[in-house]
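Engineer: Make a model of this:
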Amino acid sequence: MSESPAEFVRTYAQLTPVSAVPEIRLHQAAEPIGLWKLTEGEFRSEQPPPFWAFAWAGGQALARHLLDHPETVAGRRVLDLACGSGLVAIAAARAGAARVRAVDVDRVAVAAVAVNAEANGVTVAGEVGDVLDGDAGDAEVVLAGDVFYSQAMANRVLRFLLRASRAGARVLVGDPERAYLPRERFRPLAGYDIPVTVALESVSVKHSRVWELTSGSGT
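Structural biologist: Numbers count the residues shown, from 1 in each chain. Below you'll find the model as predicted:
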């Protein structure tokens, strides 16, 4: 990749409104296959797939919920875990969060967060890294969209979210009925029918829910 990560985002993803959250615009790929090919090559082994280039259903549901219920994050310190495009982080900032930290292992995703935050006129602090073996810092609200896509990831994320909850943070996740969501640990807050890309999800609409980690979730 000869361009900087931010230049790559601007060049290969178009700034367009998010289907379920049209108040927010993101740099999104028109179709997945071409961008996947562009992110292969010299850094294939170390670079994650370009998840940042798509507004995934769980993140859209969570972002929609935050804009509809700004009191969830208003005046609070927020962490967006595995932030991808930054959709949820941007929604939190627009809803009046005092500070928003967005973390992802993909450096291009974090560049996309900066580009997208600027396009939406908000401030988000992006951070590259894997924080799942640590804690949520001083976050008062922890948000995570579309993180329960594999058993291994679900196990790590759940342990992180439980630590955050025990430290006093409110934990909300957005999930489109993935198999690995540990539903017994959460209570549903809201449900949305989210338009999605057929090439990614094999359907045109996915029902997605916002869940809150319950205080009695245990270890």
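
Engineer: Can you name the next helix or strand after the lowest-mean-pLDDT helix or strand in the chain?
Structural biologist: Lowest by mean pLDDT, DSSP states H and E among the helices and strands of the chain is helix 32-38, with a mean of 48. Once the chain leaves helix 32-38, the next helix or strand it forms, by DSSP states H and E, is helix 57-68.

Engineer: Show me the contact partners of that next one.
Structural biologist: The contact list for helix 57-68 (CB atoms under 8 Å, 6 or more residues apart in numbering) reads 18-21, 23-24, 72-73, 84-85, 87-88, 90-92, 94-95, 143-147, 172-176, 178, 189-192, 194, 196, 201, 206, 208-210. For every residue, glycine as well, the C-beta is placed using N, CA and C.

Engineer: what are the C-alpha coordinates of the lengthiest helix in the chain, in PDB please?
Structural biologist: Using DSSP state H, we find that the single longest helix of the chain is helix 151-166. The C-alpha trace of helix 151-166 is given here as PDB (Å, rounded to 0.1, in the frame of the first residue of the first chain):
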ATOM      1  CA  GLN A 151     -16.100 -18.300  19.400                       C
ATOM      2  CA  ALA A 152     -12.500 -17.200  20.100                       C
ATOM      3  CA  MET A 153     -13.300 -13.500  19.700                       C
ATOM      4  CA  ALA A 154     -16.500 -13.800  21.800                       C
ATOM      5  CA  ASN A 155     -14.600 -15.400  24.700                       C
ATOM      6  CA  ARG A 156     -12.000 -12.700  24.800                       C
ATOM      7  CA  VAL A 157     -14.500  -9.900  24.300                       C
ATOM      8  CA  LEU A 158     -16.800 -11.200  27.000                       C
ATOM      9  CA  ARG A 159     -14.000 -11.400  29.600                       C
ATOM     10  CA  PHE A 160     -13.000  -7.800  28.700                       C
ATOM     11  CA  LEU A 161     -16.600  -6.500  29.000                       C
ATOM     12  CA  LEU A 162     -17.100  -8.300  32.300                       C
ATOM     13  CA  ARG A 163     -14.000  -6.600  33.700                       C
ATOM     14  CA  ALA A 164     -15.300  -3.200  32.500                       C
ATOM     15  CA  SER A 165     -18.600  -3.800  34.100                       C
ATOM     16  CA  ARG A 166     -17.100  -4.800  37.400                       C
END
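
Engineer: Can you tell me the strand partners of the helix or strand following it and which way each runs?
Structural biologist: Counting by DSSP H and E, the next helix or strand C-terminal to helix 151-166 is strand 170-175. The pairing partners recorded for strand 170-175 under DSSP bridges are strand 141-145 (parallel), strand 205-213 (antiparallel).
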